[in-house]
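Asks: how would this look folded up:
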Amino acid sequence: MTQLEMARKSQISPEMSICAEYEGVDVKEILEKLSSGKAVIPKNKIHKISRPMVVGEGFSVKVNANIGTSLGYSSLEEEIEKLKVAIDSGADSVMVLSTWGDLKEMRRILVEMSPVPVGSVPIYDSAVLSYKSGKNVVDFSEKDFIDMVKSHAEDGIDFMTIHVGITKNVLEKVKNNQRILKIVSRGGAIVTGWMIKNNKENPFYEYFDEILDIAREYDVTLSLGDGMRPGAILDATDHQQLEELFVMRELVERAWEKGVQVMLEGPGHVPLNDIEMNVKLMKKVGKGAPIFLLGPLPTDRGVGYDHIVSAIGGALAAYYGADFLCYVTPSEHVSLPTVEDVKEGVIASKIAATIADVARGNKKALELEKQMAIARSKFDWEKMFELAIHSEKAKDYLKKRPYEEKGCSMCGPFCAIKIANEYAK
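Replies: Reported below is the predicted structural model:
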C-alpha cells in the first residue's frame, strides 16, 4: 500500500512514526492529514531514507534544493558535493534536475546516497535524449512520456514533477496571450512544444491513469507541475496561469481515488500583494492538497540576490499556507548554481520557512525561539550557535572581531543586555 492507503486504514508506517517524532506531534495527526490528502510523505518503496518528511497542513514548512548538471557543466563529483552541502545546510529534500551527462547513472547514485527524499522531472530525459541524437528537443514519442516516469520510479525517485495540467483546451484558451514571458517552465515549454508540433493532447493528461498506476506501484508522490507559471511579476495571476490551475482539481481527485499521494506546484514570480490570494486559491482549487512553491519572487530585479528575494516571498507564502518551498540560489536566472550557491540558497529558504513556522504558531519553532532568547540573555554562544539555523558565518564573525568580556564587539561595555542584567533586576 501507499502511505495514503495505509493512513486510510489507520496503519502506521515507520516513516509516519519518524515524522511524528520530528514534528513533535502525535502520530494520529499524521494519519489524519495523510488520509485526507492534506499531507504527503514522499517515499518511494525502494528508496531507503533515514530522514523522511511530512509535507502539508499543520506541519513545519519544508525546503527543497534543486541540483543538477547542464551542457558544459556536467560533473558527478560536483553534484555529489551539492547533495552533501544541501543536506548539511538543512534541505529536507533535493530534486535532481540534470540536463547533461549520464542522467540515469547520476540519478541512481544520488538517490542511493541521499538520506532525504529525492525528486525529479522525467520529461527532461526525453528532451535530452532527443537533443543528443541530433533532433529537436521535442522530437520524441508519446510512449517516452510514460517510459520516463516508469524509469524514474524504478530508480527510486520519491516525488516527480509531471506537467499534466497543460491540456489542448488550456492551450486553446491561452492563444494570443499578452504575456511578456510566454513560458518559463522548462518542462512546461517542452510539453507545450510537443503538443503544438504533433497537434495532440498532452500524453501526461491523456494517459494519466497509467501514470497513476506507476505512482501507486512505487508510492511516488506526484507533484502537479505549473508549466504555465508566471516568469515575471507583471504576468502573475493571469488567465494562462489560472487555466492550468483549474485543471488541477480533477487531477487531485483522480490521484486520491487511486491511492496516490499528490501535491500542487505554484508560481513563480508574484508581487507581494498577490501572494496571499495565490496561495489561498491554490488551496481551494486543490481541495487542501499540499502546495509546493518555487520562491515566489516578488521582484524581477534582484538578479544576483534572488535567494533573498525568494526568501521574502517564501516567508509570506508559507505564512498564508504554502507547505513546501523550493529554494532559489543567488545565481538564479544567470548561471548554473555552484556548490556555494546551493548552500546560500538553502540557508535563505530555511530562514523563510522558520519565519513562517514562528508566525503560524508552530510549537516546536516557538520553543526553539524561546531557547535562543534565553541563550542570548546569558551570552551563551555555544547554545546560540547550536540553535542557529546555520551557525558557520556567525561563528566566523565572532572569531574575527572577538570581545574579551561578556557581549560582543558591536557594543562592548555599552551592551544593553549586560546593563539590563546588572541594573534592571
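
Asks: mind jotting down where the strands sit in the stretch 51-200 of the chain?
Replies: 55-56, 62-67, 93-96, 118-120, 159-162 (DSSP state E, counting those that start in this stretch).

Asks: who wins for proximity to Lys343 among those strands?
Replies: Proximity to Lys343 (C-beta to C-beta) singles out strand 62-67 among the strands of the stretch 51-200 of the chain, at 9.2 Å. (Glycine included, C-beta is placed from N, CA and C.)

Asks: just checking, what packs against the closest one?
Replies: The helices and strands touching strand 62-67, judged by 3 or more C-beta pairs under 8 Å, 6 or more residues apart in numbering; DSSP states H and E, are helix 76-88, strand 93-96, strand 324-326, helix 339-359.

Asks: one more time with 10 Å, if that's ok
Replies: Here strand 62-67 touches strand 55-56, helix 76-88, strand 93-96, strand 118-120, strand 291-294, helix 306-319, strand 324-326, helix 339-359, going by 3 or more C-beta pairs under 10 Å, 6 or more residues apart in numbering; DSSP states H and E.

Asks: and the most centrally placed residue in the chain, what does it touch?
Replies: Nearest residue to the geometric centre of the chain (C-alpha atoms, centre = their mean): Cys326, 3.2 Å. Taking C-beta atoms under 10 Å, 6 or more residues apart in numbering, we find Cys326 in contact with 62-66, 93, 95, 119, 223, 265-266, 292-296, 310, 314, 345, 349.

Asks: identify each buried residue in stretch 235-244, please.
Replies: Buried residues in stretch 235-244, counted by 16 or more other C-beta atoms under 10 Å: Asp235, Ala236, Thr237, Gln240, Gln241, Leu242, Glu243, Glu244.

Asks: my guess is Lys43 contacts Phe159, does it?
Replies: Yes. When contacts are counted by C-beta atoms under 10 Å, Lys43 is listed as touching Phe159 (9.0 Å).

Asks: what's the overlap in contacts for the two?
Replies: Pro117, Val220, Thr221, Gln261.

Asks: just the residues you listed now: which is nearest Asp274?
Replies: The closest of the shared contacts of Lys43 and Phe159 to Asp274 turns out to be Thr221 (C-beta to C-beta; 27.2 Å).

Asks: okay, now the closest one: neighbour count?
Replies: By other C-beta atoms under 10 Å, 27 other residues sit near Thr221.

Asks: could you give the bridge partners of it?
Replies: Phe159 (DSSP bridges).

Asks: measure it to Leu293 for me?
Replies: 16 Å (C-beta to C-beta, to the nearest Å).

Asks: swap in Met6?
Replies: Note on Met6: its distance to Leu293, by C-beta to C-beta, is 27 Å.

Asks: same thing with Leu181?
Replies: Distance check for Leu181 against Leu293: by C-beta to C-beta, it reads 18 Å.

Asks: of these two, who's got more company?
Replies: Neighbour totals were compared for Leu181 and Leu293, and Leu293 leads with 28 against 12 (other C-beta under 10 Å).

Asks: so what's the more buried one up against?
Replies: By C-beta under 10 Å, 6+ apart, the contact set of Leu293 is 64, 226, 229, 264-268, 270, 275, 278-279, 282, 310, 313-314, 317-318, 322-326.

Asks: of the helices and strands packed on strand 62-67, which is nearest Glu257?
Replies: Per C-beta to C-beta, nearest to Glu257 of the helices and strands packed on strand 62-67: strand 55-56, 18.7 Å.

Asks: quick one: that closest one to chain centroid distance?
Replies: 11 Å (C-alpha atoms, centre = their mean, to the nearest Å).

Asks: quick one: terminal-to-terminal distance for stretch 371-391?
Replies: This stretch, stretch 371-391, spans 15 Å end to end (C-alpha to C-alpha, to the nearest Å).

Asks: and that stretch, what's buried?
Replies: Met372, Ala375, Phe379, Met384, Leu387, Ile389, His390.

Asks: isn't the fourth one right up against Gln371?
Replies: Meaning Met384. Yes. Counting by C-beta under 10 Å, Gln371 is a contact partner of Met384 at 9.4 Å.

Asks: returning to that earlier point: in PyMOL, how would I select the buried members of the contacts of Leu293?
Replies: Of those, the buried ones can be selected in PyMOL as follows, counting by 16+ other C-beta under 10 Å:
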select buried, resi 64+226+229+264+265+266+267+268+270+275+278+279+282+310+313+314+317+318+322+323+324+325+326
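
Asks: how much space between the nearest residue to Val128 once chain neighbours are set aside and Ser75?
Replies: Leaving aside its sequence neighbours, Val128 sits nearest to Thr99 (C-beta to C-beta, 6 or more residues apart in numbering; 5.5 Å). Taking C-beta to C-beta as the measure, Thr99 falls 13 Å from Ser75.

Asks: these two: which has the busier surroundings?
Replies: Ranked by neighbour count (other C-beta under 10 Å), Thr99 and Ser75 place Thr99 first, with 20 against 13.

Asks: show me the contacts for the more buried one.
Replies: Contacts of Thr99 by C-beta under 10 Å, 6+ apart are 68-71, 73-74, 121, 124-125, 127-128, 131, 137, 186, 336.

Asks: where does it land on pLDDT?
Replies: Thr99 is assigned a pLDDT of 96 by the prediction.

Asks: that one and Met282: what is the separation?
Replies: Distance from Thr99 to Met282, by C-beta to C-beta: 27 Å.

Asks: quick one: which of the buried residues of stretch 235-244 sit in helices?
Replies: Gln240, Gln241, Leu242, Glu243, Glu244 (DSSP state H).
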